[in-house]
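Engineer: This is the structure alone, sequence omitted:
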């Protein structure tokens, strides 16, 4: 089991570093969404501070949705997926490694970018810190759910739009708690509750996602 | 032990006994809804605060209940479809999604019509309204995913997986949105307490809810039979059955 884990893990990281644009492009998109919102509203600190947690979190969600394409599309095209499906390795184990690598890559980038965006919107240092925490932990849940949606739409023409339609309603709880934590800090209350809830939800999704995604992949390859 | 169940749930057999189911549910729905609506619109007294406008609950509340009930049945059928690969359960999921979406839309629409005179606005971003809207989008996702595949069986299985993920998420969405905000009046009918609604107003509501449920049963049987007809159109038994 561990040998397979190491092999998949190494392969995923190699792919991440060789095709670094797959992670950079969602990051650039995130920065653009963050940049474009103040152009549409009153750019004073008060008004921006009010919407900042929501905007940063929505930008994170959109960036994650955009990044999901790389999870299965190439593997399906070059036949790696067919090999994985026919191999005796439990598929969920491989998918767990995939999930971990993708989250560590994308989640860390977004987790670093989010407090910068928060600071640009005039958030206090604590609020930016909480934003960083919830984005870091929340992206795990976002990527996990996204993996299932990606697995469901592997064989579908025009899957990208479909993934977005499927995912956004499922992302509601993470968005509520993630952005809510920052808003709680802004209101001067302790944010431990929503921060823990974001992390707990992420863990739940990360636990359920690999087996469900494995079922979904097997369906598309029947 | 389960052979009778498998026999009943094979498409050709269901095509035959589904017709009976459809009529039984249909007639029961008609009777219940006629009596319940008459009771609600004529016999029940007007509300002391809301006047006659409260009578929309005889459509609104049953559709809201059904919107969740249909999702539950759809998810259970999805689980059955994935575990036992039962064709009928796949058809159940595919058939249920648009019905559920319609009930959800109806609940939202009637709620908006009631909200305008009562709250002075068609829409507020309150917890229960918002989670109902999210539910509508979950239904639309299931419908979209099912339609995206060329092979209908694969579409149905993918929709089953999505229904299962959705049903794990529905309570989480509900409580997260609850945490977020609530302005909606609390639930008036709960299982554990004696309801805070007068008996004269309650019985038509329960009759209508039961009637809506039967209507769902009738519609569901009809839609499953129609799906069987279109999917198995090349089978020999169809030519004998039709």
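Structural biologist: Great, that's in hand. Not measured: the values here are computed from a predicted model. Residues are numbered from 1 along each chain as shown, chains lettered A, B, ... in the order given.
Engineer: Quick one: name the residues of chain A near chain B.
Structural biologist: Residues of chain A lying close to chain B (C-beta under 8 Å from any C-beta of the partner chain) are A:145, A:148, A:152-153, A:155-159, A:162, A:165-166, A:168-170, A:172-173, A:176-177, A:180, A:201, A:208, A:212, A:215-216, A:219-220, A:222. For glycine as for every other residue, the C-beta is placed from the backbone atoms N, C-alpha and C.
Engineer: Just the buried subset of the residues you listed, written out for ChimeraX, thanks.
Structural biologist: Those of these that count as buried under 16 or more other C-beta atoms under 10 Å in any protein chain shown are selected in ChimeraX with:
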select /A:145,148,152,153,155,156,159,162,165,166,168,169,170,172,173,176,177,180,201,208,212,215,216,219,220
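Engineer: Just the terminal-to-terminal distance for stretch A:91-111.
Structural biologist: End-to-end distance for stretch A:91-111: 29 Å, by C-alpha to C-alpha, to the nearest Å.
Engineer: Once you drop chain neighbours, what's closest to the residue most central in space within chain B?
Structural biologist: The centroid of chain B falls nearest to residue B:70 when counting by C-alpha atoms, centre = their mean (3.3 Å). Residue nearest to residue B:70 in three dimensions, not counting chain neighbours: residue B:100, with 3.6 Å by C-beta to C-beta, 6 or more residues apart in numbering or on different chains.
Engineer: tell me the residue furthest from the middle of chain A?
Structural biologist: Largest separation from the mean C-alpha position in chain A: residue A:44, at 29.8 Å (C-alpha atoms, centre = their mean).
Engineer: on that earlier part again, where's the residue nearest to the centre of chain B, which helix or strand?
Structural biologist: helix B:57-84 (DSSP states H and E).
Engineer: now that helix: how far from the chain's centre is it?
Structural biologist: Helix B:57-84 has its C-alpha centroid displaced from the chain centroid by 5 Å (C-alpha atoms, centre = their mean, to the nearest Å).
Engineer: So which other helices or strands are in contact with it?
Structural biologist: Counting contacts by 3 or more C-beta pairs under 8 Å, 6 or more residues apart in numbering or on different chains; DSSP states H and E, helix B:57-84 packs against helix B:87-119, helix B:127-147, helix B:152-180, helix B:199-231.
Engineer: In terms of mean pLDDT, which of the ones you listed ranks lowest?
Structural biologist: Least confidently modelled of those is helix B:152-180, at a mean of 87 by mean pLDDT.
Engineer: you'd agree residue A:216 is up against residue B:158?
Structural biologist: Yes. Residue A:216 is in contact with residue B:158 according to C-beta atoms under 8 Å; the separation is 6.9 Å.
Engineer: Please enumerate the shared neighbours of those two.
Structural biologist: Common contact partners of residue A:216 and residue B:158 (C-beta atoms under 8 Å, 6 or more residues apart in numbering or on different chains): residue A:152.
Engineer: So which bits of stretch A:32-45 are buried?
Structural biologist: Going by neighbour count (16+ other C-beta under 10 Å), the buried part of stretch A:32-45 is A:33-34, A:37-38.
Engineer: Could I get those residues in a markdown table, plus columns for distance to residue B:233, secondary structure and pLDDT?
Structural biologist: Formatted as a markdown table, these follow (distance: C-beta to C-beta, whole Å; DSSP: H, G, I helix; E, B strand; the rest coil; pLDDT from 0 to 100):
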| residue | distance to residue B:233 | secondary structure | pLDDT |
| --- | --- | --- | --- |
| A:33 | 48 | helix | 93 |
| A:34 | 53 | helix | 92 |
| A:37 | 52 | helix | 87 |
| A:38 | 57 | helix | 86 |
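Engineer: Check the offset of stretch A:63-78 from the chain's centre.
Structural biologist: How far stretch A:63-78 lies from its chain's middle: 12 Å, per C-alpha atoms, centre = their mean.
Engineer: swap in stretch B:26-41?
Structural biologist: Using C-alpha atoms, centre = their mean, the offset of stretch B:26-41 from its chain centre is 17 Å.
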